[in-house]
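Asks: For reference, the sequence and a predicted model appear below.
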Amino acid sequence: MKIFLSIIGVLVVFAALGQPGAGAADAAYVKDHYTKYEYQIPMRDGKKLFTSVYVPKDQSKKYPFMMDRTCYSVAPYGTDKYKPRLGPSTQFMQDGYIFVYQDVRGRWMSEGMYEEMTPELEVHKTNKDVDEGTDTYDTIDWLLKNVANNNGKVGVWGISYPGFYTTTALLSRHPALVAASPQAPIADLWRDDGWHNGTFFLAANFGFYPFFTNRQDDKPTQRRGARFDIGTEDGYDFFLKMGSMRNTNVKYFKDTIRLWNEMMDHPDYDQHWKDRNVLPHLHDIKTATLVTGGWYDAEDLYGAINTYKTLAAKNPNTPVYFAMGPWVHGGWAGGLGDHLGDVDFGGATAPFYRDKIEFAFFSHYLKGTPLDLPKVSTFETGTNQWRTYNVWPPAPAKEKNLYFLPDGKLSFTAPSAAKDTYTEFVSDPNKPVPYYAKKTNDMERDYMTADQRFASAMPGVITYKTDVLTDDVTLAGNIWANLKVSTTGTDADWIVKVIDVYPDTAKNNKFTTAGVQMAGYQQMVRSESMRGKYRTGADKPTAFVPGQVSPINFELQDVLHTFKKGHRLMVQIQSTWFPLIDRNTQQFQDIMKAKDTDFKKATHRVYTSKAHPSFLKVRVM
């Protein structure tokens, strides 16, 4: 959802300039072959939602609908102003569909008040009981009755926040909705974009909300939100000087952004957030669904993986497909997907998805064309190969523990020494470890694969690594950190990074940044953070007892990656990751209301003994 500003424009125009055959030719094709209409479609409670409909000029046959519901605007407005491309990709536009774009309730030109990630209702007793599911149902019903030459079938797709609206379209349970593709969908706003296990994703959210806030009332508008310019490329310095999180309002927002205040007022996983978790509602779904995500999606990786897992588990008789590639947030929608930062994926990956997976899926369910699509299509990084399975995680992947051992060793063999060994480090929130090697004022696209050699040498980071691998090791499925820790404070954050260490013989590739050597490169494969006070429950913050050993267990989310023979597997652990996440005062308190003077240095221990083992639970092929 929190699409960082550098790629918002890309998704809005569906990466038109980054896709072969796109650009001016596509824009001309739209005007030559489609007629645009605009409607205010009434909902059951009387509110009207602004909707743009592009209808093929060739009226000799009937067409299915392809609909995208969005909070990011259906612009351009006006029946004489056309989008530069229609549908998820050029293939759809050229094949012929009725394309529908709708501003969701409370956004842009639609009536009503906007709620972030509208809570879904299980029961709708009256016409006043509305949510995104009912709005989708009412929209589909109206379109079927009022747009000529439709074939009675509807498909819905969307990326990021529109991915959430695609998920909620499933909850309309309208019989005409036969195909849907939630792509990078938000599933649980607290977990996806805002609070990763209680750590607040500062760099992404701080810039997002001023941009997103173009209106805070029920009055339709075409006014755009304003980008907040922090005035420097050095986000680390800016946010450090900003001080505590309360200063976001004291110094900058001045309590003027309602949605930001909702974030700041609800750091715990309370009822506010539980109401915005769509996963419990994904039952009794009959619509064929293709869930799409990217292994390096910094915003909604959790949403894609868990939307698929929940749909597949709760709806075993419904066709549910899953596609994951080596992409950033929305990276499959345009461009090649052949690399990220310095990491080469061995060739283009995104066109394969657009042609052989996405287009084939919708064409089959909306137009009846043949379909030969495996239930799970996933790209294996490290070997750079597409793999197909019947289920995810794949059945052959078996759980194993990867243990942290004394002297910085990492092994599938459990610790055996009786002595209660540990690794100790000092965490100073006034000198936090940066999340990225270069100066940046945003959440960088490639941080999830970036070289971690800069962090390995920093105080406040501890490292464990295997011996040189004598065989390939493929991890497939989720990773769980199981740490035994202690601290001299009463709260602490825990960041765990899984890293592929290249051999000293590794050669540079055509994407390697100038001045970087791939020899010895430390490629991040998966990482995640956890605010320690939520170790007993996200809705039950609990203080640490200084010096007392405590378990910290949290999910790092899924991977499909091969650590090749000759490489090493490394894990880094740290307690600051700035300014990707906010700083922990290392005192048990509401950090959103902390003062600048509350940040305290603390000493942390990660235990590596038989009595107190720390390990990663992984799935190995």
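Replies: Yep, that arrived. Worth saying up front: this structure is predicted, and the values here are computed from it rather than measured. Numbers count the residues shown, from 1 in each chain.
Asks: where are the low-confidence patches of the chain?
Replies: Within the chain, the ranges that satisfy pLDDT under 70 run 1-22.
Asks: my guess is Arg224 contacts Asn214, does it?
Replies: Yes: Arg224 is within contact range of Asn214, at 5.4 Å (criterion: Cβ atoms under 8 Å). Heads up, the C-betas are built off the backbone N, CA and C, glycines and all.
Asks: between these two, which one's more packed in?
Replies: Using other Cβ atoms under 10 Å as the criterion, Arg224 and Asn214 rank with Asn214 on top: 15 against 12.
Asks: what's that one sitting at in phi/psi?
Replies: Asn214 adopts backbone torsions of phi -100, psi -20, taken as degrees, to the nearest 10.
Asks: Now do the same contact list for the residue nearest the centre of the chain.
Replies: What sits nearest the mean C-alpha location of the chain, by Cα atoms, centre = their mean, is Asp300, with 1.3 Å. Residues in contact with Asp300, defined by Cβ atoms under 8 Å, 6 or more residues apart in numbering, are 1, 160, 163, 184-187, 192-193, 293, 329.
Asks: care to break this protein down by domain?
Replies: 5-188+276-389, 398-620 (automatic domain parsing).
Asks: How far does the last one stretch from one end to the other?
Replies: In domain 398-620, first residue to last residue: 5 Å (Cα to Cα, to the nearest Å).
Asks: Nearest residue to Lys48 in space, please, no chain neighbours.
Replies: Gln40 (4.0 Å; Cβ to Cβ, 6 or more residues apart in numbering).
Asks: hey, C-alpha coordinates of the helix or strand encompassing the one you found in PDB?
Replies: Here Gln40 sits within strand 34-42, counting by DSSP states H and E. Only the C-alpha atoms of strand 34-42 are listed here, as PDB (Å, rounded to 0.1, in the frame of the first residue of the first chain):
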ATOM      1  CA  TYR A  34     -12.200   2.700 -27.100                       C
ATOM      2  CA  THR A  35     -14.900   5.200 -26.100                       C
ATOM      3  CA  LYS A  36     -14.800   6.600 -22.600                       C
ATOM      4  CA  TYR A  37     -17.800   7.200 -20.300                       C
ATOM      5  CA  GLU A  38     -18.100   8.500 -16.800                       C
ATOM      6  CA  TYR A  39     -20.700   7.600 -14.300                       C
ATOM      7  CA  GLN A  40     -21.700   8.300 -10.700                       C
ATOM      8  CA  ILE A  41     -22.800   4.800  -9.600                       C
ATOM      9  CA  PRO A  42     -25.300   4.700  -6.700                       C
END
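Asks: Sheet-wise, list the partners of whatever helix or strand comes next after it with their directions.
Replies: Moving toward the C-terminus from strand 34-42, the next helix or strand (DSSP H and E) is strand 48-56. According to DSSP bridges, strand 48-56 forms sheet pairs with strand 34-42 (antiparallel), strand 98-103 (antiparallel).
Asks: still on that earlier bit, for Asp265, find the nearest of the domains of the chain.
Replies: domain 398-620 (7.7 Å; Cβ to Cβ).
Asks: can you tell me which residues contact Lys375?
Replies: Lys375 sits in contact with 319-322, 389-391, where contact means Cβ under 8 Å, 6+ apart.
Asks: Now list the buried members of these.
Replies: Buried members of the contacts of Lys375, counted by 16 or more other Cβ atoms under 10 Å: 319-322, 389.
Asks: Now, those that are in strands?
Replies: Among the buried ones among the contacts of Lys375, DSSP state E puts 320-322, 389 in strands.
Asks: picking up where we left off before, which one of the contacts of Lys375 sits closest to Glu120?
Replies: Of all the contacts of Lys375, Glu120 sits closest to Val320, with 18.8 Å by Cβ to Cβ.
Asks: For Met458, give its distance to Lys409.
Replies: 20 Å (Cβ to Cβ, to the nearest Å).
Asks: Then Val461?
Replies: Counting by Cβ to Cβ, the gap from Val461 to Lys409 is 16 Å.
Asks: between those two, who's got more neighbours?
Replies: Val461 (21 against 15).
Asks: What sits closest to that one if chain neighbours are left out?
Replies: Gln574 (4.5 Å).
Asks: how about the one you found, what does it touch?
Replies: Shown in contact with Gln574 (Cβ under 8 Å, 6+ apart): 425, 427, 433, 455, 460-462, 495, 497.
Asks: can we see that at 7 Å?
Replies: By Cβ atoms under 7 Å, 6 or more residues apart in numbering, the residues touching Gln574 are 433, 460-461, 495.
Asks: List the contacts of the helix or strand hosting Thr603.
Replies: Here Thr603 sits within strand 602-607, counting by DSSP H and E. Strand 602-607 is touched from outside by 404, 420, 422-427, 462, 483-489, 492, 549, 573, 575, 586, 614, with contacts defined as Cβ under 7 Å, 6+ apart.
Asks: Could you identify the helix or strand that succeeds it?
Replies: Following strand 602-607 in sequence order, the next helix or strand is strand 615-620 (DSSP H and E).
Asks: and that next one, how far from the chain's centre?
Replies: Here the centre of strand 615-620 is set off from its chain's centre by 22 Å, with Cα atoms, centre = their mean, to the nearest Å.
Asks: So which elements touch it?
Replies: strand 398-405, strand 473-487 (3 or more Cβ pairs under 7 Å, 6 or more residues apart in numbering; DSSP states H and E).
Asks: what helices or strands is the shortest one leaning on?
Replies: Okay, so that is strand 398-405. Secondary elements touching strand 398-405 (3+ Cβ pairs under 7 Å, 6+ apart): strand 409-411, strand 615-620.
Asks: Can you give me every residue that contacts the residue in the chain sticking out farthest from the centre?
Replies: Distance from the C-alpha centroid of the chain peaks at Ala418, with 42.0 Å (Cα atoms, centre = their mean). Neighbouring residues of Ala418 by Cβ under 7 Å, 6+ apart: Lys610.
Asks: Could you look up the SS state of it?
Replies: When classified by DSSP: H, G, I helix; E, B strand; the rest coil, Ala418 comes out as coil.
Asks: same question, the one 5 residues further on
Replies: Local secondary structure at Thr423 is given as strand here, using three-state DSSP.
Asks: Just list whatever residues bridge to it.
Replies: Bridge pairing for Thr423 - DSSP bridges - gives Val606.
Asks: Secondary structure of Asn306: a helix, I assume?
Replies: Yes: judged by three-state DSSP, Asn306 forms part of a helix.
Asks: Can you tell me the closest non-neighbouring residue to it?
Replies: Using Cβ to Cβ, 6+ apart, the nearest residue to Asn306 is Ala187, at 5.2 Å.
Asks: for Asn214, same thing?
Replies: Gly225 (4.1 Å).
Asks: thought Val516 was touching Asp342?
Replies: Yes: look at Val516 against Asp342 with Cβ atoms under 7 Å: they come within range, at 5.7 Å.
Asks: Tell me the residues that contact both of those two, please.
Replies: Asp451.
Asks: and the helix or strand harbouring Tyr302, how far out from the chain's middle?
Replies: According to DSSP H and E, Tyr302 maps onto helix 301-314. Centroid separation for helix 301-314 versus its chain: 12 Å, with Cα atoms, centre = their mean.
Asks: No further queries at this time; thank you.
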